[in-house]
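Asker: coordinates only, no sequence provided:
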């Protein structure tokens with residue numbers, strides 16, 4: 001191994017350690033009994049190993065409600081975003097509308113707007129519709145943040161496919177939805193996975209919309225509850241355990257679909 005490869009390997013190893021170290025520290029802290037996290041000592045290994053924090057969370061009705069809310073919001077966001085993005089991208093690619101590229105670029109530009117710019121009109125709309133303080137407010141909001149990016153990714157992906165496929169399907173008498181269902185979608189699994197994982201990331205990374213649109217604890221998601229607990233940590237071990245339980249599903253999905261996500265995002269964004 002030459003010096004260049006050795007240096008690159010050392011750099012990647014340092015990045016891996018840098019990324020994993022906070023998670024490991026939280027894992028150790030969540031396994032410490034009582035409030036030992038606040039006591040000076042060995043930060044890398046629990047002196048009194050316990051699973052009490054995890055057992056308390058998993059047996060708590062409030063935690064179950066948070067998990068259910070998060071699952072409902074995430075599932076609805078993924079499904080609505082995939083359906084709407086797919087249909088919009090298909091319409092732009094299949095019908096070859098005038099200025100379709102300008103339309104797709106405008107959608108992508110709207111995705112680049114800061115969250116604060118979009119927050120006020122969304123909040124006003126939901127308030128007038130009396131949808132605040134409910135899970136439905138999040139189900140309506142999150143797809144609007146995902147669909148512009150998802151439409152751009154799928155539109156560019158559809159345009160990269162050979163045009164002969166669409167021409168052949170038309171020649172065989174296939175209807176537009178048949179072309180989408182039997183020709184485009186089977187070939188678009190990487191792009192669909194990329195959009196789906198992006199939707200999951202939007203739900204789990206958001207704090208602004210959840211914490212401001214839903215003040216009632218019964219409508220909060222798991223990560224919003226974690227954010228509110230970080231303001232005043234009463235039980236550090238339980239808070240760290242809740243963070244890890246919330247991060248675990250996303251980490252599993254990203255690890256399981258890493259290759260598919262990279263292929264879909266690469267072919268769907270880079271033209």
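Answerer: In hand now; what should we look at? The structure displayed is predicted, hence computed values, not measured ones.
Asker: average model confidence for the longest helix along the chain?
Answerer: Across the chain, the longest stretch assigned as helix under DSSP state H is helix 61-94. Along helix 61-94, the predicted confidence averages to a pLDDT of 91.
Asker: helix or strand right after it?
Answerer: Reading on from helix 61-94 to the C-terminus, the next helix or strand found by DSSP states H and E is helix 100-111.
Asker: which parts of that next one are buried?
Answerer: Buried residues in helix 100-111, defined by neighbour count with 16 or more other CB atoms under 10 Å: 100, 103, 104, 107, 108, 110. To be clear about C-beta, it is placed using only N, CA and C from the backbone, and glycine gets the same treatment.
Asker: quick one: residues contacting residue 198.
Answerer: When the contact criterion is CB atoms under 8 Å, 6 or more residues apart in numbering, the partners of residue 198 are 146, 149, 150.
Asker: pull the contacting residues for the last one.
Answerer: Yep, that's residue 150 we're talking about. The neighbours of residue 150, taking CB under 8 Å, 6+ apart as the test, are 81, 82, 84, 85, 86, 89, 195, 198, 199.
Asker: make it 6 Å
Answerer: With contacts defined as CB atoms under 6 Å, 6 or more residues apart in numbering, residue 150 is in contact with 81, 85, 195.
Asker: give me the residue at the spatial middle of this structure.
Answerer: Note on the chain: the residue nearest the mean C-alpha position is residue 201, at 1.5 Å, using CA atoms, centre = their mean.
Asker: need the pLDDT of that one.
Answerer: The score at residue 201 is 88. That number is its pLDDT.
Asker: poorly predicted segments of the stretch 151-271 of the chain, please.
Answerer: The model of the stretch 151-271 of the chain has pLDDT under 70 over residues 229-233, 258-271.
Asker: for burial, what's the neighbour tally of residue 83?
Answerer: Counted with other CB atoms under 10 Å, residues neighbouring residue 83 total 13.
Asker: actually residue 99, not the one I typed
Answerer: By the criterion of other CB under 10 Å, residue 99 has 10 neighbours.
Asker: related to what we said a few turns ago, residue 224: which of the contacts of residue 150 is nearest?
Answerer: Nearest to residue 224 among the contacts of residue 150, counting by CB to CB, is residue 81 at 19.5 Å.
Asker: on that earlier part again, which of the buried residues of helix 100-111 has the weakest pLDDT?
Answerer: Per-residue confidence across these is lowest for residue 100, with 80 (pLDDT).
Asker: who's in contact with the nearest residue to that residue once chain neighbours are set aside?
Answerer: Nearest in space to residue 100, with sequence neighbours left out and distances taken as CB to CB, 6 or more residues apart in numbering, is residue 92 at 4.4 Å. Residue 92 makes contacts with 100, 104, 155, as judged by CB under 6 Å, 6+ apart.
Asker: give me the number of residues near the residue nearest to the second one when sequence neighbours are not counted?
Answerer: Okay, so that is residue 104. By the measure of CB to CB, 6+ apart, the closest residue to residue 104 outside its immediate chain neighbours is residue 155, 4.8 Å from it. Residues lying near residue 155 (other CB under 10 Å) number 27.
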